[in-house]
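S.K.: how would this look folded up:
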Amino acid sequence: MDIIGFIPQFGGLLYTLLAFVVALSVIVAVHEYGHYIVGRWSGIHAEVFSLGFGPVLFSRVDKHGTRWQIAALPFGGYVKFLGDSNAASGRDDAAMKEAAEDPIALRRTMHGAPLWARAATVAAGPVFNFVLSILVFTGIFMIRGVVSDPLTVGEIYDMPNAGYELQVGDEVLSVGGVAPPDMEEGTDWEEFRSQLPAQPTLDYTVRRDGTEMTVDGPFPYPPLISSISPRSAAMDIGLEAGDVITAVDGEPVFAFDQLKNAVESSDGRALQIDVWRDGETLEFALAPRRTDEPQADGGFATHWRIGVVSSMAFDPATEAAGPVSAIQGAVSQTSAIVTGSLSGLWHMITGAISTCNISGPIGIAETSGAMASQGAQSFIWFIAVLSTAVGLLNLFPIPALDGGHLVFYAYEAVAGKPPSDRVLRLLMSLGIAAILTLMVFALGNDLFC
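M.R.: Numbering: from 1, shown residues only. Down below sits the predicted model:
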């Protein structure tokens, strides 16, 4: 075995595993803290708050009598409430029998608390996941800001055949005779893009230091890679953010739409591409992959994709976004993830799209590492997306998940009594079996799709 050659792969594996553990630990900690703090506010005593499973590495008991601990296996966590240790029925019969003799003590147990307290405590985990996502998205939107009006050149990216007259700080009045979108009127960027003349170099009418002038500049939407999708054809062959694709099968390209058309018409055939990177031209061969993409109407469309996202030839200058607009954008983003996930699940159930869209732990770990490698902001964004997915998953009405417990509480509210222990044990066993089946199926997707 070539040990020296294996070291970089081993280092990449450790990096991916570390990114996965960090992302999962943050999401689990927030989820379980939601259960803990709402339970405490509701008068339910938490005996243990554990981040991880297995042997305890560190623990301390706080003034409320809760033991906070970090365990050796960092792939989950839990909160153990008083009288809540029997995995099959969710009840600790010994603790319940002891507490039953003391109404005050019984009130501090999970199953002796009022229905509203139990329901609020269970629902708090997923709710806190959604809150985390909204807070993260809000922060990112405020940091990124919004595109300034009028459109102003912020940063010009390195491109082949550079030396354009366009400069940082220029206010763009038109490109190739086409006026850019008006931010206040909400003009469509796609409409602006579709009207641009198809030329590698265009005339920009700009305002510079109060004076209008015409200068030359690059086509605004070149095949410049701004980010790469995890587990994609582009990532597998080593394309990087900042690469510029200059030719496909020997044909020069200067617009991202030219690259997109070549990929979509490939029918999966391997393409030979020329890539400009830091002044050097590299050659790659990559085969596009069929990808199911959500549409604005809630449906899905399948296209050939290589997994790259482009950016403009220059980064538009931004101005600070207000907290209200940032929060609105964050709520919309979180809502879009929820609706997109539900739509995707439904289309997989009906067979409209491939079930390979379900990722398991290996796929999530690979995505964690890939997003971390693209920078802190990309990784934090991914944590917010994953937090929403975890919150949504836990609300599914499957016994053993939070959503299943909420269904039991809804039954109790209507029937006036909880389901019998026998029914609970049966449903919990079925729920655990369903979850394990889904995990095995997702793992199979990671390995074979």
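S.K.: hmm, Leu82 and Leu106 touching each other?
M.R.: No - between Leu106 and Leu82 there is no contact under CB atoms under 8 Å: 9.6 Å. Heads up, the C-betas are built off the backbone N, CA and C, glycines and all.
S.K.: more neighbours, these two?
M.R.: Counted by other CB atoms under 10 Å, Leu106 and Leu82 do not tie: Leu82 has more neighbours, with 23 against 18.
S.K.: got the phi and psi for that one?
M.R.: Per-residue torsions, Leu82: phi -60, psi 130 (degrees, to the nearest 10).
S.K.: wait, it sits on Met110?
M.R.: Yes - between Leu82 and Met110 there is a contact under CB under 8 Å: 6.6 Å.
S.K.: shared neighbours of these two, anything?
M.R.: When contacts are counted by CB atoms under 8 Å, 6 or more residues apart in numbering, Leu82 and Met110 have Ile44 as shared neighbours.
S.K.: can you list the neighbours in contact with the helix or strand encompassing Ala410?
M.R.: According to DSSP states H and E, Ala410 maps onto helix 402-415. Helix 402-415 has contacts (CB under 8 Å, 6+ apart) with 90, 115, 118-119, 122-123, 125-126, 394-399, 418-419, 424, 427, 431.
S.K.: repeat that for 6 Å
M.R.: Contacting residues not belonging to helix 402-415 are listed as 115, 119, 122, 125-126, 394-398, 418, 431 [CB atoms under 6 Å, 6 or more residues apart in numbering].
S.K.: that helix: which residues count as buried?
M.R.: By neighbour count with 16 or more other CB atoms under 10 Å, helix 402-415 contains the buried residues 402-409.
S.K.: now tabulate these in TSV and tack on pLDDT and distance to Ser373.
M.R.: Formatted as TSV, the buried residues of helix 402-415 follow (pLDDT from 0 to 100; distance: CB to CB, whole Å):
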residue	pLDDT	distance to Ser373
Asp402	95	33
Gly403	96	34
Gly404	95	37
His405	95	38
Leu406	96	38
Val407	96	41
Phe408	95	43
Tyr409	95	43
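S.K.: contacts only, for the residue nearest to the spatial centre of the chain.
M.R.: Closest to where the C-alpha atoms of the chain average out (CA atoms, centre = their mean) is Val385, at 2.7 Å. Residues near Val385 by CB under 6 Å, 6+ apart: Ile337.
S.K.: may I see the buried residues of the helix or strand hosting Gly39?
M.R.: For Gly39, the element it lies in under DSSP H and E is helix 3-41. Within helix 3-41, the residues scored as buried using 16+ other CB under 10 Å are 16, 19-20, 23-28, 30-40.
S.K.: run the angle between the helix holding Ala410 and helix 3-41 for me.
M.R.: Here the directions of helix 402-415 and helix 3-41 differ by 20 degrees (axes from the mean of the first three to the mean of the last three CA atoms, to 10 degrees).
S.K.: can you name the element that comes right after helix 402-415?
M.R.: helix 421-448.
S.K.: pLDDT (mean, whole number) over that following helix?
M.R.: Averaging pLDDT along helix 421-448 gives 90.
S.K.: all further residue positions should be reported with the first residue as 33.
M.R.: Sure, I'll start numbering at 33, so the last one becomes helix 453-480.
S.K.: quick one: work out the angle between it and helix 434-447.
M.R.: Using the same axes, to 10 degrees: helix 453-480 against helix 434-447 is 160 degrees.
S.K.: buried residues in helix 453-480?
M.R.: 456-457, 459-460, 463-464, 466-467, 474, 477-478.
S.K.: ok now it, how far from the chain's centre?
M.R.: The chain centre lies 24 Å from the centre of helix 453-480; the measure is CA atoms, centre = their mean, to the nearest Å.
S.K.: list the helices and strands that helix packs on?
M.R.: Contact partners of helix 453-480 among helices and strands, from 3 or more CB pairs under 6 Å, 6 or more residues apart in numbering; DSSP states H and E: none.
S.K.: from Val295, how far off is Leu303?
M.R.: Taking CB to CB, to the nearest Å as the measure, Leu303 and Val295 are separated by 7 Å.
S.K.: neighbour-wise, which of those two wins?
M.R.: Set side by side, Leu303 and Val295 show more neighbours around Val295, with 23 against 20, by other CB under 10 Å.
S.K.: from memory that one sits against Trp336, does it?
M.R.: Yes - contact criterion CB atoms under 6 Å: Val295 and Trp336 qualify, at 5.5 Å.
S.K.: which neighbours do the two have in common?
M.R.: With contacts taken as CB under 6 Å, 6+ apart, Val295 and Trp336 have Pro320 as neighbours in common.
S.K.: show me where pLDDT drops low in the stretch 133-282 of the chain?
M.R.: 133-135, 215-219 (pLDDT under 70).
S.K.: tell me where it has helices.
M.R.: 135-139, 147-176, 221-227, 265-269 (DSSP state H, counting those that start in this stretch).
S.K.: tell me which of the ones you listed is the most buried.
M.R.: helix 147-176 (a mean of 20; mean count of other CB atoms under 10 Å).
S.K.: which elements pack onto it?
M.R.: By 3+ CB pairs under 6 Å, 6+ apart, helix 147-176 packs against helix 35-73, helix 355-381, helix 408-426, helix 434-447.
S.K.: and stretch 165-182, how far from the chain's centre?
M.R.: Its chain's C-alpha centre and that of stretch 165-182 lie 16 Å apart, by CA atoms, centre = their mean.
S.K.: other residues contacting that stretch?
M.R.: In contact with stretch 165-182 (CB under 6 Å, 6+ apart) are residues 203, 215, 348-353, 358-359, 361-363, 365-366, 412, 416, 419-420.
S.K.: phi and psi next, for Ala432.
M.R.: Dihedral angles for Ala432 - degrees, to the nearest 10 - are phi 90, psi -20.
S.K.: just the pLDDT for Ile39.
M.R.: 37.
S.K.: and for the one 10 residues further on?
M.R.: Here the pLDDT value assigned to Leu49 is 88.
S.K.: how about the nearest residue to it, chain neighbours excluded?
M.R.: Spatially, and ignoring its direct neighbours in sequence, Leu49 is nearest to Ala397 (6.5 Å; CB to CB, 6 or more residues apart in numbering).
S.K.: repeat for Asp94
M.R.: Trp100 (6.4 Å).
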